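> Quick one, what's the 3D model for this:
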Amino acid sequence: MGEDFEKMVEVVADHERLCEACKYQHDGCGGGVTGGPSGPVYPPCCDSDPERYVDEDYLREVYDEIMEDEHND
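Just a heads-up that it's a prediction; the model follows:
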């Protein structure tokens, strides 16, 4: 992915909306640490590169919403 992807990830993360762009959001991931039988279970975003868990279509939608909101303010 390119420079635009990195810029969008940065903006979305700065607005604390990165979970909305995560491809695991519909698989039951709430973005937080949960307890498992062998200890804590961390969401994919804890140790991963955003390219591994961010859905580019979701990212673009959230980024566009943020830009529109900032433009309207």
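
> I figured Arg17 was touching Asp64, is that so?
No: contact between Arg17 and Asp64 fails when scored by C-beta atoms under 8 Å: they sit 11.7 Å apart. In short, each C-beta sits where N, CA and C put it, glycine included.

> more neighbours, those two?
Arg17 (15 against 11; other C-beta atoms under 10 Å).

> Mind pulling the model confidence for Val9?
Looking at Val9, its pLDDT is 95.

> buried set for whatever helix or strand it lives in?
Val9 belongs to helix 3-14 when elements are defined using DSSP states H and E. For helix 3-14, a neighbour-count test (16 or more other C-beta atoms under 10 Å) marks Phe5, Met8, Val9, Val11, Val12 as buried.

> Can you tell me what sits against the helix or strand just after it?
With elements assigned by DSSP H and E, the helix or strand that comes after helix 3-14 is strand 34-36. Residues from elsewhere that reach strand 34-36 (C-beta atoms under 8 Å, 6 or more residues apart in numbering): Pro40, Val41.

> Counting by contacts, list what the helix or strand that strand 34-36 is followed by packs against.
For strand 34-36, the following helix or strand on the C-terminal side (DSSP H and E) is strand 39-41. Helices and strands touching strand 39-41, by 3 or more C-beta pairs under 8 Å, 6 or more residues apart in numbering; DSSP states H and E, are strand 34-36.
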